[in-house]
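Undergrad: next input, structure requested:
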Amino acid sequence: MRRTSMRLAIGALALSVAAPAIAADMITTPAPYVPPAVPVSTTYDWSGLYIGGHAGYFFGNSDVDFPSAFGPAVSTDPDGFAGGAQIGYNWQIDQFLIGGEADISWADIQGSTGIANGTVSTRADWLSTVRARAGVAIDRVLIYGTGGIAFTDMKTELNGPVGFSSDSQNLTGWTIGAGVELALTENLSMKGEYLYTDFGDKDYGIGGTTVPVSLDGSTVRLGLNYRLNLF
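TA: Residues are numbered from 1 along each chain as shown. Predicted structure coming up:
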C-alpha cells in the first residue's frame, strides 16, 4: 500500500511539472495580419495632353532662280535660331503610341549671297508645323517618328543693278523627322528631335519680274514637355 501511494505521488508530481509545457504547446499564437499586396505598375504611361517649349537651329538651302537678265540662279543657304512652344496629345496602347503635335517657332533664319554688283538674301521670322507622331514606349523612353505640314513666311530681297526690291510670301510644305523623349518625372519629359522640311518653290515678284524661290532645310532641337493630368 505504501509503495502504491508513493507511485501515485510521483506520478502527480510529474504531471504537475509537465502540464504547463503541454498547455503551452497546445496554445498557438496567431500570426500578425499582413494585408494583401497591391499590384503596382512600373510602366510609365505617356497618354494625355501636354504642353512645352523647344529651342534649336535651322540650316537649309534657298535657290533663287533669276531670269537670264539678272544673272545665274544662286543659293542663299539660310540658317539660324528657331525656338518656341508646342502642344500635343498622346494615346498609348500597350507599348505603342500615336498622337499629334502642333508647334510654332520664332526664328532668326537668314542667308545671303553675292551677285553681279549686288546681293540677294532670304529671311524667315517664324516656322510652324502640325504633325502626327507614332512610336514605341520602353517604360520611360519614347522613340518616335513624326510627319505633317509646315508653314512659314519668307522674304526675298534683291539689292542689285536695278536697285532694291523685295517680296514676302507665305509658304506651305511638308515635314518629316524622328525623336527620342525621356520621362524625367511623372509629368515632365525631355526630348531631342530632328525635322526635315521642304517648302517647294514659290514665285516672288522681284525687280519687276517673276523669280521662283525655293526653301528646304533641317531643324535640330531640344525640348521639354509637361503632361497635364486633366482626367
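Undergrad: switch to C-alpha atoms for all contacts and neighbour counts from now on
TA: Fine.
Undergrad: so what's residue 152 closest to, chain neighbours aside?
TA: In space, residue 152 comes closest to residue 127 once its chain neighbours are excluded; the distance is 4.8 Å by C-alpha to C-alpha, 6 or more residues apart in numbering.
Undergrad: just residue 59 next, same as before
TA: Excluding the flanking residues, the one nearest residue 59 by C-alpha to C-alpha, 6+ apart is residue 79, at 4.2 Å.
Undergrad: same deal with residue 187?
TA: That would be residue 227: by C-alpha to C-alpha, 6+ apart, it lies 4.8 Å from residue 187.
Undergrad: go on, residue 135?
TA: For residue 135, ignoring the flanking residues on the chain, the nearest one in space by C-alpha to C-alpha, 6+ apart is residue 144 at 3.8 Å.
Undergrad: so how far is the helix or strand harbouring that neighbour from its chain's centroid?
TA: Assigned by DSSP states H and E, residue 144 belongs to strand 141-160. Computed by C-alpha atoms, centre = their mean, to the nearest Å, the chain-centroid distance of strand 141-160 equals 17 Å.
Undergrad: go on, stretch 194-208?
TA: Averaging C-alpha coordinates over stretch 194-208 and over its chain gives two centres that are 28 Å apart (C-alpha atoms, centre = their mean).
Undergrad: C-alpha coordinates for it, CSV please?
TA: What follows is stretch 194-208, C-alpha atoms only, in CSV (Å, rounded to 0.1, in the frame of the first residue of the first chain):
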residue,chain,number,x,y,z
TYR,A,194,15.2,66.2,-85.9
LEU,A,195,12.9,67.6,-88.7
TYR,A,196,13.5,67.9,-92.4
THR,A,197,11.2,70.4,-94.1
ASP,A,198,10.6,71.2,-97.7
PHE,A,199,8.5,74.2,-98.8
GLY,A,200,9.0,73.7,-102.5
ASP,A,201,9.1,76.7,-105.0
LYS,A,202,7.2,79.9,-104.8
ASP,A,203,7.0,82.8,-107.3
TYR,A,204,8.3,86.1,-106.0
GLY,A,205,7.9,89.5,-107.7
ILE,A,206,11.4,91.0,-107.6
GLY,A,207,12.8,93.7,-109.9
GLY,A,208,9.7,93.8,-112.0
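Undergrad: can you pull the buried residues of that stretch?
TA: Neighbour-count burial for stretch 194-208, counted by 16 or more other C-alpha atoms under 10 Å, picks out 194, 195, 196, 197, 198, 199, 201, 202, 203, 204, 206, 207.
Undergrad: which residue in these has the weakest pLDDT?
TA: Lowest in pLDDT among the buried residues of stretch 194-208 is residue 207, which has 78.
Undergrad: quick one, strands of the chain?
TA: Per DSSP state E, the chain carries strands over the ranges 48-61, 63-64, 74-75, 79-93, 96-115, 118-138, 141-160, 163-183, 188-206, 209-228.
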